[in-house]
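Peer 1: Got a predicted structure plus its sequence, pasted below:
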Amino acid sequence: GWDRVAAIGNVFASPPPDPIRECAKAAHGGAGVLFTYGNYAGDVMNFDMAAELAAMDDIEVRTVLTTDDVASAPRDQRQKRRGVAGNFFVFKAAGAACDRMLSFDECERIARKANDHTFTMGVALSPCSLPQTRRPNFEIGADEMEIGMGIHGEPGIARGKLGTADEITDEMLDKILAEMAPSRGDKVAVLVNSLGSTPLMELYIMNRRVKQRLDDIGVSIHATWVGNYCTSLEMAGASVTLFHLDGELQTMLDHPCDCAMFRAG
């Protein structure tokens, strides 16, 4: 019910093509292999090279890039957006489709649909330090926050004075809901994610505000996850992801899953 194999790179770096190729060989069951990963230039280059290598092993590879970060490009340029914590829902839906033995075409379609229905916005309150340099990867004041910053320290869309948890959550949700455009009676799944050092207590305060806002517009919450799911070393900050559900995507989300970092159903 989740991705079968993960290719691991160095910190904030794409895995090289050869390990990705080995992952494709390990995951291949005869029907093809679906690559799912965040939309970053280094990853795209290396995974595309790995797909060419896999073709030499007679493995058909297709790729679905996650592009859920609404801050990283305008709506009409979604293909340029980064993949961030929304990976969680796209990987879950894709893994469920594969686990249900759907056709390769259907697995790819569902993964793309899940990505199109996933919306994330993050806020950073402090930088992280790369192990090899031990230096912060950006600078921000103690009383500042950056809305829309990427998980590797990519620039956000606005920097301002630090607000309350409700104010920060509202600012993120305003942008997500404007993009998602839900109707009364719609259903979502929610992920409130720590970027590394933000504690659960603060995440649950944010989650409370997410529920209040969704209740106000008549959108029901099917499921919620709060915790460390897509982190950036010791960065202080958080992200909110909404997964806009329909019957098919809800079925994929509810499909049983049992892996090292996640268990459901």
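Peer 2: Yep, it's here.

Peer 1: mind checking pLDDT for Leu53?
Peer 2: At Leu53 the predicted local confidence, pLDDT, stands at 98.

Peer 1: Same check on Ala114?
Peer 2: According to the model's per-residue confidence, Ala114 sits at a pLDDT of 99.

Peer 1: Look at it and say how many residues are nearby.
Peer 2: Ala114 sits with 29 neighbouring residues when counted by other C-beta atoms under 10 Å. Placement of C-beta: from N, CA and C, glycine included.

Peer 1: And the next helix or strand past whichever strand or helix holds it?
Peer 2: Assessed by DSSP states H and E, Ala114 sits inside helix 104-116. Sequence-wise, the next helix or strand beyond helix 104-116 is strand 118-124, with elements assigned using DSSP H and E.

Peer 1: Touching that following strand from outside, list them.
Peer 2: 66, 68-71, 84-86, 89-90, 140, 145-151, 153, 156, 168, 171-173, 175-176, 179-180, 193, 195, 235-244 (C-beta atoms under 8 Å, 6 or more residues apart in numbering).

Peer 1: what's the answer for stretch 220-232, then?
Peer 2: When contacts are taken as C-beta under 8 Å, 6+ apart, the neighbours of stretch 220-232 outside the stretch itself are 84-85, 87-88, 128, 151-153, 185-196, 200, 203-204, 207, 211, 214, 239, 245, 250, 253-254, 261.

Peer 1: as a whole number, average confidence for that stretch?
Peer 2: Taken as a whole, stretch 220-232 carries a mean pLDDT of 96.

Peer 1: Could you give me the buried positions within it?
Peer 2: The neighbour-count criterion (16 or more other C-beta atoms under 10 Å) identifies Ile221, Trp225, Val226, Tyr229, Cys230, Thr231, Ser232 as the buried residues of stretch 220-232.
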